[in-house]
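Chemist: structural data only, the sequence is not supplied:
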């Protein structure tokens, strides 16, 4: 496994032998049957199988879990996705992956090296592996179904138990190869902000609304700070499309933060077999615009959320499962 550099993001590329080993592990998990991805017993099997991933890959994932570095983003290239056997790209709202496939198995075994997979019942029907695809009529949507510029956000920033990591596995790039994953880390942003702006962002002068899929009962209206934790290495909680400032100084701080995000961001164009992992605690992500054609071979990512401490959300997860009901 080599470690070249693309922009400022950390990148590792699997060699042929390691990619073949990942493929064998994934194929073994496919022997379970058809609709098993959300079965807790299958997740347990995937967790056990993750021990058979190449040692270099496991070491990389565990190191990233401990320290996600200056960009809060890891890109693993060369993973198997069985492109030749791939069906048409889905183009319906709420599309998910419940069938056990090689890409789903790759996502779940990698997730188990980072922590525990998690999902939200109100989002994509609580599926652990979700499709990120353009949907006709939703082009301007600020979410995974859209194709316009997607603004920077921490995933589910409104939620107390938002994911610790967001995993995005590319099965198929967009036709024109222009869609780029944009990421920016608080560790890159903090030195660029004035003292007054930092002070405002550390103050509980912001609210973040939930997406429409979660409904009004989801909450999210309590004031919170954008930065919290260690002053020199804080966590971040913001969604530029859904976070509102409550005071004039907070409004100015949010505007400056958006400008710094754009200046500090890294953009990576994902190809088939690329897995991007974003540390959702310290990094925000977005996407550049692209033009879907709705011809069966549009851009197709699959997404899994990871929690490093599933116990924190126990009161939200019936039967100690992987899906948060609220």
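Modeler: Thanks, I have the structure now. As the structure is a prediction and not an experimental result, all values here were calculated from the model. Numbering: from 1, shown residues only.
Chemist: quick one: the strands in the stretch 51-200 of the chain?
Modeler: Here the stretch 51-200 of the chain has its strands, by DSSP state E, counting those that start in this stretch, at 73-77, 116-120, 130-132, 150-153, 165-172, 181-185.
Chemist: stretch 122-131 - what's its average pLDDT?
Modeler: Averaging pLDDT along stretch 122-131 yields 95.
Chemist: what does that stretch contact?
Modeler: With C-beta atoms under 8 Å, 6 or more residues apart in numbering as the test, stretch 122-131 has contacts from 37-38, 43, 90, 94-98, 103-104, 107-108, 117-120, 144, 156, 211, 213-215, 218, 300-304, 322-323, 326. C-beta here means a position set from N, CA and C on the backbone, and glycine is covered the same way.
Chemist: thought residue 194 was touching residue 256?
Modeler: Yes: using C-beta atoms under 8 Å, residue 194 is in contact with residue 256, at 7.5 Å.
Chemist: which one of the two has more residues nearby?
Modeler: Comparing residue 194 with residue 256 by other C-beta atoms under 10 Å, the one with more neighbours is residue 256, at 17 against 10.
Chemist: what is the neighbour count of the nearest residue to the more buried one once chain neighbours are set aside?
Modeler: Nearest non-adjacent residue to residue 256, counting by C-beta to C-beta, 6 or more residues apart in numbering: residue 197, 5.1 Å away. A count of nearby residues for residue 197, using other C-beta under 10 Å, gives 19.
Chemist: on the three-state scheme, residue 272 is what?
Modeler: Here residue 272 is recorded as coil under DSSP: H, G, I helix; E, B strand; the rest coil.
Chemist: can you put the strands of the stretch 51-200 of the chain in TSV and add distance to residue 231 and mean neighbour count?
Modeler: Output for the strands of the stretch 51-200 of the chain, formatted as TSV (distance: least, C-beta to C-beta, whole Å; neighbours: other C-beta atoms under 10 Å):
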stretch	distance to residue 231	mean neighbour count
strand 73-77	23	24
strand 116-120	29	24
strand 130-132	34	21
strand 150-153	22	20
strand 165-172	24	24
strand 181-185	16	24
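Chemist: continuing past the worst-scoring helix or strand of the chain on mean pLDDT, what's the next helix or strand?
Modeler: Of the helices and strands making up the chain, the lowest-confidence element is strand 5-6, at a mean of 38, by mean pLDDT, DSSP states H and E. Sequence order places strand 9-13 as the next helix or strand after strand 5-6, per DSSP states H and E.
Chemist: and the very next helix or strand once past that following strand, how far from the chain's centre?
Modeler: Using DSSP H and E, the helix or strand that follows strand 9-13 in sequence is helix 16-30. Distance of helix 16-30 from its chain centroid, counting by C-alpha atoms, centre = their mean, to the nearest Å, is 23 Å.
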